[in-house]
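A.B. asks: following is a predicted model, sequence given first.
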Amino acid sequence: MMSVRDLRVSFGAVTALRLDNLDLREKETVGVVGPNGSGKSTLLRVLAGLLPPTSGTISNLPRPGRVVLVHQEPYFFAGSVRENLAYALRLAGQPASVVETWMQRAQAEHLADRPARTLSVGERRRLAIARALAVAPQLLLVDEPLAALDAVHRDIIKNELADFSGTLVVAASTADGLSYDRIVRLPE
């Protein structure tokens, strides 16, 4: 079980995150909800190892490479959608031949040869999630995956996330219709 105790993250005099405790069980789906500025994205960055806490302890996180963070505004490298997926798979030691499988799962076969940086917000998010799932992380952290999306993209992303078999932590401003084992509410 992964655990967080007495976590604080401050930027100068501003405390961006206060979380007394959080336990994440293996293969659990947890929604982290709270208003803007409550520290949801900060928590994900700390769990991903991208931001050190100011104080507190985090224990039993998966080793680097087994944790993936999907940002609210995902980053793609220059090149096609197919090349972006193939790169992630190569880093994970998987064959490029499975790229087409992941394109199908994301319902994005028609986007394969498009420059990844030209995709719409919904297309970017669903492909970023497909890319994250393709590398089979143990812990998947997803920031606001359904924010500002149409119903079609929301349904595709909900289906993608429902198939994940590891531990999933989703940050959202409100309960967003995803299926959670439990919801953790961050204070303002």
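C.D. replies: Noted; the coordinates are in hand. Numbering: from 1, shown residues only.
A.B. asks: contacts, neighbours, all on C-alpha from now
C.D. replies: OK.
A.B. asks: measure the residue nearest the centre of the chain to V30 for me?
C.D. replies: In the chain, the residue lying closest to the centroid (Cα atoms, centre = their mean) is V142, at 2.1 Å. Going from V142 to V30 by Cα to Cα, to the nearest Å gives 11 Å.
A.B. asks: same question, A171
C.D. replies: Distance of A171 to V30, computed by Cα to Cα: 9 Å.
A.B. asks: those two: which is more packed in?
C.D. replies: A171 (27 against 22; other Cα atoms under 10 Å).
A.B. asks: which residues does that one contact?
C.D. replies: G31, V32, V33, K40, S41, L44, L141, V142, D143, E144 (Cα atoms under 8 Å, 6 or more residues apart in numbering).
A.B. asks: R185: how many residues sit nearby?
C.D. replies: Residue crowding around R185 was assessed by other Cα under 10 Å; the count is 19.
A.B. asks: so it makes contact with V33?
C.D. replies: Yes. Counting by Cα atoms under 8 Å, R185 does reach V33; the two are 5.0 Å apart.
A.B. asks: quick one: which two of the contacts of A171 are the most distant?
C.D. replies: For these, the farthest-apart pair by Cα to Cα is V33 and L141; their separation is 13.3 Å.
A.B. asks: and those two? Which one has more around it.
C.D. replies: Legend: neighbour count by other Cα under 10 Å for V33 and L141, higher for L141 (25 against 22).
A.B. asks: that one against V70, yeah?
C.D. replies: Yes. If you go by Cα under 8 Å, L141 and V70 touch, sitting 6.2 Å apart.
A.B. asks: then the residue nearest to the centre of the chain would be within a helix, right?
C.D. replies: No. Applying DSSP: H, G, I helix; E, B strand; the rest coil, one finds V142 to be strand, outside a helix.
A.B. asks: contacts for stretch 122-141?
C.D. replies: 44, 48, 62, 65-70, 72-74, 81, 85, 88-89, 92, 94, 102-103, 105-106, 108, 116, 145, 149-150, 153, 156-157, 160-161, 164, 166-171.
A.B. asks: typo on my end, stretch 56-69
C.D. replies: The contact list for stretch 56-69, computed with Cα under 8 Å, 6+ apart, reads 1-8, 44-45, 47-48, 132, 136-143.
A.B. asks: check which residues of that stretch are buried.
C.D. replies: Of all the residues in stretch 56-69, those buried under the rule 16 or more other Cα atoms under 10 Å are G56, I58, L61, V67, V68, L69.
A.B. asks: switch those over to TSV; also include distance to E26, secondary structure and pLDDT.
C.D. replies: As requested, these are exported to TSV (distance: Cα to Cα, whole Å; DSSP: H, G, I helix; E, B strand; the rest coil; pLDDT from 0 to 100):
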residue	distance to E26	secondary structure	pLDDT
G56	22	strand	96
I58	15	strand	94
L61	11	coil	91
V67	13	strand	95
V68	15	strand	95
L69	17	strand	96
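A.B. asks: report the two of these separated the most.
C.D. replies: Taking Cα to Cα as the measure, the buried residues of stretch 56-69 span a maximum distance of 21.8 Å, between G56 and V68.
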